[in-house]
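**Q** Whatever this is, show me its structure:
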Amino acid sequence: MRLDLDSIDWASLTHAYGSAEDVPGLIRDLRSSDAEVRSAAMYELYGNIYHQGTRYEASAYAVPFLLELLADPATPARHEVIQLLSCLAVGYTPYDIPASGFPIAEIRNDMAQVPEETWRRWSQAMKDWYEVVRT
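**A** The predicted structure is shown next:
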């Protein structure tokens, strides 16, 4: 991985079951050539960083590493990483989204109402956060 999983103090972060010290190993296991190892890791990640639709402190720290896995064509079963990321982003599994779909037009309209200064603050906060995670 280009990003260093070990640069994060995972033990100080929390997820659904307490310390997130297991998260880097689980993320590494998503690259395994063994489907059972990947499946077990994905099951654990859904259970701890996305437990019943809830996201945790460790969830946000896991995202850049999941995105890196997704960008690497050598990562097996990338579609499963996409699904986990979409659940982390939206807060619902595909099975929980209403038959009418995700209200993207409504959300876009709501986002269009956000003042430009707020967008700048959010963007800067995200850049600052990414720099902390990256270093």
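**Q** Okay, now the unreliable bits of the chain?
**A** Scanning the chain for pLDDT under 70 picks out the ranges 1-3, 92-99, 101-102, 130, 132-135.
**Q** biggest helix in it by residues?
**A** helix 116-134 (DSSP state H).
**Q** Point out the other elements, helices or strands, that that helix touches.
**A** Here helix 116-134 touches helix 57-71, going by 3 or more C-beta pairs under 8 Å, 6 or more residues apart in numbering; DSSP states H and E. Every residue, glycine included, has its C-beta placed from N, CA and C.
**Q** Kindly calculate the angle that the helix it packs on makes with helix 116-134.
**A** Orientation check (axes from the mean of the first three to the mean of the last three C-alpha atoms, to 10 degrees): helix 57-71 against helix 116-134 gives 80 degrees.
**Q** just how off-centre is helix 57-71 within its chain?
**A** 5 Å (C-alpha atoms, centre = their mean, to the nearest Å).
**Q** quick one: buried residues of that helix?
**A** A58, S59, Y61, A62, V63, P64, F65, L66, E68, L69, L70 (16 or more other C-beta atoms under 10 Å).
**Q** Pick the one among those residues closest to I82.
**A** Closest approach to I82 among those (C-beta to C-beta): L70, at 6.3 Å.
**Q** Apart from its neighbours in sequence, what residue is nearest the closest one?
**A** V81 (4.9 Å; C-beta to C-beta, 6 or more residues apart in numbering).
**Q** Next: R55.
**A** R55 sits nearest to L88 (C-beta to C-beta, 6+ apart), 6.0 Å away.
**Q** Would you tell me what the next helix or strand after the helix or strand where the one you found lies is?
**A** Element membership for L88 (DSSP states H and E) is helix 78-90. Counting by DSSP H and E, the next helix or strand C-terminal to helix 78-90 is helix 104-112.
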